[in-house]
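> this is the structure alone, sequence omitted:
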Ligand SMILES: Nc1ncnc2c1ncn2[C@@H]1O[C@H](COP(=O)(O)OP(=O)(O)OP(=O)(O)O)[C@@H](O)[C@H]1O
Ligand SMILES: Nc1ncnc2c1ncn2[C@@H]1O[C@H](COP(=O)(O)OP(=O)(O)OP(=O)(O)O)[C@@H](O)[C@H]1O
Ligand SMILES: [Mg+2]
Ligand SMILES: [Mg+2]
């Protein structure tokens, strides 16, 4: 039996009259490579926002490794290993790539309150940064401010920042958006190469990536879980084809 | 044997190290600046009064820079902490002791004590909200000081402040000789501390919050707690500035708590540039000297020309002086900085062929 | 008591008419224009000069004050303000403070530093009684004019294409131009209207608030308070905020005169702590 | 030979700029009529703007003393600026001649301070004496909430109670107060016979206007005020609402004396027809005091000598005879009760009763 | 047929830096062009230059006989350009409906037609711009460009973030619009094969210059070029 790292129970979110998330009970297993797909506006991003504490649920709860984290603040969830990336890049515009990564690493190591010690002299931090830079193809732009990076590089940094948090659960909201086809595989293979005990939930509209990466898929439609199954099952599911996949299943 | 990938990675690590080393290093321009400030004590004895005022102004602006330039909180209420620091040290000298260093400490504490609860009011809301909340808090304190005239002397100012000689030896003279040396040393210490703070993990987390609070919290930074911390620290800075004012002038009026004071502090900081600690210094120096010169040429209408200068300054680009400083300091210190060259070679190496 | 409420309402309306121009430039255009009071002052001086020196009827001077300041605002926009939309709020603050300094010193030079005192026509003076409530004629006049103005502004901004184009331009100037919105024209017109409203406010307010060269500095904070308490997304916000502040101020000063100076700031801080985006705001 | 340098620290900008303007104009007129020599020495004036801010006043005064080597400081458009410089005057032994600041207590702050303006208690107590004798006993006082305002309230109440009247309610108006409506309403609701009013110049006009607009003039409530409310500078443009207002004060532009005629004429001639008010008269007298004292000391301006010589000095001022009290260094002068009237098409404060040689009651 | 859009030796960039180097191309009415290239080669910059949001360094742009080279962006829109920015650029304080009506110009493409094309938008008509999902924003951005009733559409990665079934519909719609209505289009895309299937011409940019230009169909089969400039299909 595999352990469940992340679980939601009857999670619900309403925006006025709109039910953006409807009674979702979802489980993410340890080490899972799980994809969440669904039509535009189905509530995938909202779901991630609920998991990470950006939005407060109207009802239901979120459990991380058996503990109820529904009331926990965002940063508390991150410190417990629940990390996300954003659909639209969220970078530190005034900092350069190295500084951005360094501050994330410092924070992860619990150094964030040290206020008299230089930020860059934690042992091994330089090697770790260098590793991240080359993994995500950022070594050619390492001292450029984030705001001046080309879009594709920004996208890569977006992911690198999350990976630098050493997550237990990584929530990826369309990580490949804007990354050119050629580099997508590399990004995804880098993500796939994360330690096996890291559980990953991927939101993506590129079915090539989803089918290659995930071993389990959930389909969200109109805020509610619509189907769940293996890649095989979902790609063959007629109902899923109808509402979401269209002809892409056999791509 | 190292693989190509490993080689590349170790070259990158080397470059990263050199970028990191650049941080927190004293530039020659900076050193020169301090040498000139010290030299001014010997060479310009007639200007010590205005220099003291500039230094105090600069500390006030520095305290604003900590919250604005590093944490992105705009404030129009720094006078609250400045004024409370000023009154605290003044009252201390009247009722307890006139020893100046104790006064500074008490004022720092008083400033922090005001800033801490205020900071919770600033955690939500955008620029305008923060401007107005800080302004409101300062205005309320101003009014309290006005009403409590039994304690503060009200609108007439606090009378009877007597500051002991510094270390029991150096009297605060009317020429400002002691005052300037004293304030300059305090400024130096505060700036040194601020340099450490801004180059620390804490400092970088502030910059992250300034640039993108949403992401900052998503990488585990406790945004609210950090903002409270830095606002409190800045309150202590402002309190010290207020105490220096009291001690060097031996007089306080309600103006230490006025909107004007907050606005001036913000203005000189913005003139000098935010986010590099020296902005307040540069701004205070420029602003005071220009105002002084203008008002001795035309005591009645100097504001007109000051206004025209401000407009011209903004239109031509406020970061010009900053760029100038950067380019000068780059030119001065280039031979000492091989990091940049490394970076270029690595960048070339980094390209897949 | 009712008289007091009415006084508060009138005072609030006065705050509104003075601030609604700023609600346009700051609230809608997102430009921190601290020089708003300078335009109000200009309107005030236009009215005072024309009524007192040239004997122009007061009511006629109001539209003239609006026009003159609107044109001045439009010209300044074209010459200077338009270069600052892309810059940071701090630049805008610095720039508009510069303008205030120039305005203060300039008016001082041209008109002298003394208070200007407006002579109202007889039919706007005095007071009348309705159901036992004493009402000042001029205050009643203010309430009517400002009420109409508030309704007109709200209709224009919320329900016209001009309003949505303006908001679009403020959201993203670059993209707005790229989808065919004449951002420059829209901004210039809006800015001129905002300045004109300030001028009108100054003209109407000179009677009660007085008028001297320090006007822009003296009242700057009040304008900002109204706009920030009201929220920046509509005209109803500043209207309600003005009335709230006006009534709170008047009642507070009547019943607890010793708290006189605090009230407006306490309302400010309380509102902003509870509702950081003001009383009325769209989803943040 | 070295000239005698006089630093003139005045508010040319900021909240009190109208005072600075009057002083500056008086200085111009004075130098034009009296020349630049006194006690056989050249007198040189250095005019500085303190922006109505005490910190500035102090710093500027320090620089005037340490860098420009002035021997006399004068000016000071309000109490806080005067007080801020008192320490300096004391420590550096520099005569500080006050032209405006009117709070009674400031004279204690430095032994080198001299005053040619007036004190609030001087005026307020005269009003307090006059009012009950003339049928107004039940008062509400409305004063601005700052030092001088509190002084006025206190001394008015003190004297009127000693003379059989009462102050049934004491209202303080914030200095930055755009609308008097609530205070006026409150005052009216207390149903007094008269209001005692002290607000700074400028605010006075707004106050009177709103008083009339509220119909209080017709309700039989009188206004008896400190001279600031019907400041000569503004009186003309205040128009009808001001007519009939009774004030107490040290000087009126139409004071009937040859000295005053000469003063007003010189003032207007040198300042494009501007009308002098009591600040101008006080500034003029301060300059006169400085000149006369220098004449007496033969140009010696050292603090102790100068102040000693100034004590007891008697001057035929435009406002009438004045002298410097040798004990308090404060001014002794006539205080007038006046009434606003239209004279030859212009509004003036016409004097109708004189209290002669009034000392500052607070100092006794 | 005369060219609808003609670009000659166009150079442009940001500030002093030149990103595009002497790009020339021509598009006929009713033609769709795929614009391909790796990250950062200047695809977006080319579109931004056509709409007038970069600094012009040299060359000319001509649309249907009108010289756009020095025109302000808003005038270019009047001259017939519809633009879908890469970052979508939805006006956040306008509702979905206002986003469309604020810019609409008279023509065949109306609000109603947009609601028909993207029913989702109709469901969310009252939401403000910042209350939309990523895909909804993308739809809105495309709708906003169509209601300008332009002669040529500039689409910067229009399928990004859309569900596969919507992508299919959208691409079919673009094809229809181009074929049947005579509207031209330049489409920047990451998915080469998908886009080559519905376009006539293809252009590959490399470091700000045109590296390849030809028939879409030919390129779709030219695995070598594709892998050389786009890095796809090589593995
Ligand atoms: N603040 C809000 N107020 C009202 N409605 C909202 C708000 N935020 C999102 N919505 C609506 O909730 C629905 C779910 O949005 P969400 O962003 O979760 O979709 P999604 O599944 O991520 O879609 P996409 O694939 O397009 O990114 C959408 O229809 C959106 O319009
Ligand atoms: N606003 C800007 N200021 C300065 N340089 C920029 C700016 N935007 C883009 N650049 C630079 O111009 C070059 C081309 O960028 P552009 O965005 O046009 O590429 P692209 O082909 O659209 O890439 P992507 O596939 O990432 O969208 C890049 O090197 C980028 O760094
Ligand atoms: Mg989404
Ligand atoms: Mg692009």
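Thanks, I have it. These numbers come from a predicted model, not from an experiment. Ligands and ions are numbered 1, 2, ... in the order given.
> could you look up the SS state of residue B:11?
Look at residue B:11: counting by DSSP: H, G, I helix; E, B strand; the rest coil, its state is helix.
> spell out whether whichever helix or strand residue B:197 is part of and chain A are in contact.
Per DSSP states H and E, residue B:197 falls inside helix B:177-198. Yes. When contact is scored as Cβ under 8 Å from any Cβ of the partner chain, part of helix B:177-198 falls within range of chain A: B:196-197. Backbone N, C-alpha and C define where each C-beta goes, glycine included.
> gap between the one residue in the stretch 251-364 of chain D that gets nearest to ligand 4 and residue D:28?
Among residues of the stretch 251-364 of chain D, the one nearest ligand 4 by Cβ to the ion turns out to be residue D:272. It sits 67.2 Å away. Plainly put, residue D:272 is 11 Å away from residue D:28 if you go by Cβ to Cβ, to the nearest Å.
> which elements pack onto the helix holding residue B:197?
Contacts of helix B:177-198 with other secondary structure elements, assessed using 3 or more Cβ pairs under 8 Å, 6 or more residues apart in numbering or on different chains; DSSP states H and E, are made with helix B:28-43, helix B:48-71, helix B:223-249.
> quick check: phi and psi on the residue of the stretch 251-364 of chain D closest to ligand 4?
With angles defined as degrees, to the nearest 10, residue D:272 sits at phi 50, psi 40.
> how about residue A:169?
Residue A:169 has phi and psi values of phi -120, psi 130 when expressed as degrees, to the nearest 10.
> pLDDT value on it, please?
Confidence at residue A:169, expressed as pLDDT, is 94.
> next: residue B:347.
In this model, residue B:347 is scored at 34, pLDDT.
> got it, and residue E:117?
87.
> surely it and residue E:176 touch.
No. Proximity of residue E:117 to residue E:176 does not meet the contact threshold set by Cβ atoms under 8 Å, at 10.3 Å.
> does the nearest residue to residue E:4 once chain neighbours are set aside count as helix, strand or coil?
Among residues not flanking residue E:4 along the chain, residue E:29 sits closest, at 4.6 Å (Cβ to Cβ, 6 or more residues apart in numbering or on different chains). On the three-state scheme (three-state DSSP), residue E:29 is labelled coil.
> so what's the residue count around the residue of the stretch 251-364 of chain D closest to ligand 4?
The number of residues packed around residue D:272, counting by other Cβ atoms under 10 Å in any protein chain shown, is 8.
> with residue D:149 instead?
Residues within reach of residue D:149, counting by other Cβ under 10 Å, total 23.
> for the residue nearest to it when sequence neighbours are not counted, give me its contacts.
Distances taken as Cβ to Cβ, 6+ apart put residue D:143 closest to residue D:149, at 3.7 Å, once the chain neighbours are dropped. With contacts defined as Cβ atoms under 8 Å, 6 or more residues apart in numbering or on different chains, residue D:143 is in contact with D:149-150, D:152-153, D:170-173, D:196-199.
> quick check: phi and psi at residue D:302.
Residue D:302 adopts backbone torsions of phi -60, psi 140, taken as degrees, to the nearest 10.
> residue in chain D nearest to ligand 3?
residue D:178 (50.6 Å).
> does the residue nearest to residue E:4 touch residue E:185 like I think?
No. With contact defined as Cβ under 8 Å, residue E:29 and residue E:185 do not form a contacting pair (10.9 Å).
> for chain C, which segments count as strands?
Listed in chain order, the strands found in chain C under DSSP state E are C:127-130, C:133-136.
> my guess is residue B:159 contacts residue D:83, does it?
Yes. At 6.8 Å, residue B:159 and residue D:83 qualify as touching, with contact defined as Cβ under 8 Å.
> quick one: which of these two has more around it?
The neighbour comparison of residue B:159 against residue D:83 (other Cβ under 10 Å) goes to residue D:83, with 29 against 18.
> excluding sequence neighbours, find me the nearest residue to residue B:269.
With Cβ to Cβ, 6+ apart, the residue lying closest to residue B:269 is residue B:61, at 4.1 Å.
> right, and the one you found touches residue B:277 too?
No. The criterion here is Cβ under 8 Å, and residue B:61 misses it with residue B:277 at 9.9 Å.
> the two - which one has more neighbours?
residue B:61 (34 against 23).
> what about residue E:153, helix or strand, and which?
Taking DSSP H and E as the criterion, the element that holds residue E:153 is strand E:152-156.
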